[in-house]
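>>> let me see the structure of the following:
(chains A and B)
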Amino acid sequence: MRVLIKGGHVIDPKTNTNGIMDILVEDGIITEIGKDIEIPNGDIIYAEGKMVLPGLVDAHCHLRDPGFEYKEDIETGTMSAAMGGFTSIACMPNTDPVCDNEAIVKYIINKAKQDGFVNVYPIGAISKGQKGEELSEIGELKFAGAVAISDDGKPLKSSSLMKKALEYSSMFDIAVISHCEEMDIADGGVMNEGYWSTIMGLKGIPSAAEEIMVARDIILSEYTKVPVHIAHVSTELSIDLIRHAKKRGVKVTCETCPHYFVLTDEACSGFNTLAKVNPPLRTKKDVEAVIEGLKDGTIDMIATDHAPHHNDEKNVEFNLAANGMVGFETALPLAITYLVKPGHLTISQLVEKMCVNPSKLLGINKGTLEIGRSADITIIDINEEFVVDINNFKSKSKNSPFNGFKLNGSVYYTLVNGNAIVREKILL
Amino acid sequence: MALKSKDLLGLKDLTAEEIHYILNTAKTMKVILLSKNKKTPHLQGKSIITLFYENSTRTRLSFELASKYMSASAANISVASSSVAKGETLIDTGKTIDMMGADVIILRHSMSGAPHLLARNVNASVINAGDGMNEHPTQALLDMFTIIEKKGSLEGLKVAIIGDIYHSRVARSNIWGMTKLGAEVSVAGPSTLIPPELERTGVKVFNTVQEALIDADVVMGLRIQLERQKKGLFPSIREYSRFFGLDEKRLKLAKEDALILHPGPVNRGVELPSSVVDSDKSLINEQVTNGVAVRMALLYLLTRRDSDESIN
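Residues are numbered from 1 along each chain as shown, chains lettered A, B, ... in the order given. From the prediction side, this is the model:
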């Protein structure tokens, strides 16, 4: 089976490719990249005027399967990912039961093989049941196929356990992803502490809640000499702390999410629960700092933190509403509209942050268009303008604060192992 | 004129004209309230429900009497706040009440924004009778009514609000309402009980009660909740009273004819000494009477909206 992608602008920072080229895929593998490739027969995708990128890689999403299939499952989650141009996604372990053992990791991998549209990589829990008390069987998780460990959604309260998690995981060379939140100071807050929490009379979460934990994890990483990855960074000081740590040579990496470079806490006004997320949306100066961090490389990658929730969990009092928003189907257009169009990042730098660096973190062979690699390819029209309509989402959940946003950048094709699962913007 | 919204969720969303309109209507209502035969047919055929998820004596009774003086059918529902999270959802409860023909639902809830959620999901008018730390608009309206009754206007008046601003929905509603009507609002309280960036609402924030009181025309003490001490927000009632208590000596910093308000119930000897509570300057009892008048006005205006619209 041959697929030829003709005439697209191919961008692959890993191989320094940036120009109009053809890509030949044979039996799911990229076999040739060059000018004017011809094939006698096979599937030809005409990509003139479009950009051909490595399939996007998401280091942080929630597929809700097993346990919360009313929000999302592996089938709908991967459909949503494919529509957003993602070909590989790593799902967090806060399922029910928690993904803290071999059996759940294998369940996810097998179900993804059966029902999934894209490559799914489970992330195991750091602690058993995400309770923050005892380490899970990290070695077994790794050998079952987990690509990282995290207690995402819950911070690891115990510094001692975090230190042990870093030390122990280093034996297995598996990434440790930390959800940074100091719960004592967060103290039941429901949005960023600041002007908007003041005028709505909602309990605020100080930015310090995130920053204290970022500082702790940097210190533990430096002390143990084991890399740590900070999830969903949202504040100016967090970014400064990470920038400083990187200068010191600490092996810290981090991600942010589209909502942290697009929205501020003002989005919560009118008690809009769709803008309720953890960490909370911050202020304008934090948004500017996130963009600066992306520009200067302090922030290594953009993850979606795709967090589907049922309408019943959002259409309630703000205090009771679930945290999080769906993200697969808006992440790339938000990045193009808010980072590439204004000139903060080049498209090549965006590919580093949405393909190359997440693959590196997870230790998966993805995020590049090298010959001999499996053909995970995303073809986009970077200029096409569209209006976000949550009713078009393939995700089971529609909890997005971006409904009605006018964005640039449409995903035309998503190829996974050479199969075009999205073709001319339609999921097959 | 008519009120723009079917609901009264907060003073943040009202215009100065709407506030004046309500307060002027309340003047008429006060005449009725003070007459011997307290019964008018204004709300005949209207059904008014109070839905309270928090304990309340005065606000609830005030709404209930306002409804009854105006011949409405009134009913009360109390829901233990402990069952908020696990029981029937607010929307479901609200829809049930709505379908029984309620014209107005008066909601008190421990969570900010609950009335906004209810209002979006029912046809009845929703009046916010206090939501979390957000707003308590009818309290602020009665405070403003009381002040205007004595001073003629809020324009240019200096108002000092003292105490736990952070947790106070009364303070927030008064800040919105009074600044809209041209008052200059100052607040003072323990710095742990002042929410961040409050200045951006247009008020002056002081660390000492003395600074806030200088030349004040109106002084409002807020109730200090004793459980805040356990959360470490201030060290003791004794220290609170020492630094922020509104005693006679401090009140001398305010204008000679300054008015003293308090939304009640007062912790005597904490926010205010008994001598101040019971003094001539204190309008605490008048506030209660005016509360009924203001609520009569609101119920009248909100239930009249439909007929106004149909005429137009």
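>>> with adjacent residues omitted, what lies nearest to the residue of the stretch 201-312 of chain B found nearest chain A?
Closest residue of the stretch 201-312 of chain B to chain A, Cβ to the nearest Cβ: B:Thr201 (6.4 Å). The C-beta positions use only the backbone N, C-alpha and C, and glycine is treated the same way. Distances taken as Cβ to Cβ, 6 or more residues apart in numbering or on different chains place B:Ile175 nearest to B:Thr201, at 5.4 Å, with adjacent residues excluded.
>>> with just CA atoms, put the helix or strand harbouring that neighbour into CSV.
B:Ile175 is located in helix B:169-180, with elements delineated by DSSP states H and E. Extracted in CSV, the C-alpha atoms of helix B:169-180 (Å, rounded to 0.1, in the frame of the first residue of the first chain):
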residue,chain,number,x,y,z
ARG,B,169,-21.7,39.8,50.3
VAL,B,170,-23.2,42.8,52.0
ALA,B,171,-20.0,44.8,51.4
ARG,B,172,-19.7,43.8,47.8
SER,B,173,-23.3,44.7,47.0
ASN,B,174,-22.9,48.0,48.8
ILE,B,175,-19.7,48.8,47.0
TRP,B,176,-21.4,48.3,43.7
GLY,B,177,-24.6,50.1,44.6
MET,B,178,-23.1,53.0,46.5
THR,B,179,-20.4,53.8,44.0
LYS,B,180,-23.0,53.8,41.2
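>>> the helix or strand that comes right after it to helix B:169-180, inter-axis angle?
Sequence-wise, the next helix or strand downstream of helix B:169-180 (DSSP H and E) is strand B:184-188. Here the directions of strand B:184-188 and helix B:169-180 differ by 150 degrees (axes from the mean of the first three to the mean of the last three Cα atoms, to 10 degrees).
>>> does strand B:184-188 come close to chain A?
No. If you take Cβ under 8 Å from any Cβ of the partner chain as the test, strand B:184-188 misses chain A, and the best it gets is 11.7 Å.
>>> B:Cys257 - how many residues pack around it?
Quick fix: residue B:257 is Asp, not Cys. Look at B:Asp257: counted by other Cβ atoms under 10 Å in any protein chain shown, it has 9 neighbours.
>>> oops, could you answer that again for A:Thr78 instead?
That count, for A:Thr78 with other Cβ under 10 Å as the rule, works out to 30.
>>> correct me, but it touches A:Lys113?
No. Between A:Thr78 and A:Lys113 there is no contact under Cβ atoms under 8 Å: 10.9 Å.
>>> state the distance from the residue nearest to the spatial centre of chain A to chain B.
Closest to where the C-alpha atoms of chain A average out (Cα atoms, centre = their mean) is A:Ala303, at 2.3 Å. Distance of A:Ala303 to chain B, computed by Cβ to the nearest Cβ, to the nearest Å: 29 Å.
>>> do the same with A:Arg373
For A:Arg373 relative to chain B (Cβ to the nearest Cβ), the value is 50 Å.
>>> the residue positioned nearest the centre of chain B: what secondary structure?
Against the mean C-alpha coordinate of chain B, by Cα atoms, centre = their mean, the closest residue is B:Gln139 at 1.6 Å. Under DSSP: H, G, I helix; E, B strand; the rest coil, B:Gln139 falls in the helix class.
>>> that one: what's it in contact with?
Applying Cβ atoms under 8 Å, 6 or more residues apart in numbering or on different chains, one finds that B:Gln139 lies in contact with B:59, B:130, B:169-170, B:173-174, B:263, B:291.
>>> with A:Gly194 instead?
Here A:Gly194 is in contact with A:204, A:265, A:282-283, B:196-197 (criterion: Cβ under 8 Å, 6+ apart).
>>> domains for the chain, by residue range?
In the absence of a named chain, this looks at chain A. A:2-51+A:374-427, A:55-362 (automatic domain parsing).
>>> I was after chain B.
With domains defined by the TED database, chain B comprises B:14-134+B:287-303, B:135-286.
>>> can I get these in JSON lines including distance to A:Val52?
Output for those, formatted as JSON lines (distance: least, Cβ to Cβ, whole Å):
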{"stretch": "domain B:14-134+B:287-303", "distance to A:Val52": "45"}
{"stretch": "domain B:135-286", "distance to A:Val52": "47"}
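>>> can I get the ones you listed in TSV with mean pLDDT and distance to A:Leu141?
As requested, the domains of chain B are exported to TSV (pLDDT from 0 to 100; distance: least, Cβ to Cβ, whole Å):
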stretch	mean pLDDT	distance to A:Leu141
domain B:14-134+B:287-303	93	34
domain B:135-286	94	39
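>>> of all the ones you listed, which one is nearest A:Leu161?
domain B:135-286 (26.5 Å; Cβ to Cβ).
>>> report the buried residues of stretch B:259-270.
Counting neighbours by 16 or more other Cβ atoms under 10 Å in any protein chain shown, one finds that the buried residues in stretch B:259-270 are B:259-264, B:266-267, B:270.
>>> redo the residues you listed as JSON lines? Include secondary structure.
Converted to JSON lines, the buried residues of stretch B:259-270 look like this (three-state DSSP):
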{"residue": "B:Leu259", "secondary structure": "strand"}
{"residue": "B:Ile260", "secondary structure": "strand"}
{"residue": "B:Leu261", "secondary structure": "strand"}
{"residue": "B:His262", "secondary structure": "coil"}
{"residue": "B:Pro263", "secondary structure": "coil"}
{"residue": "B:Gly264", "secondary structure": "coil"}
{"residue": "B:Val266", "secondary structure": "coil"}
{"residue": "B:Asn267", "secondary structure": "coil"}
{"residue": "B:Val270", "secondary structure": "coil"}
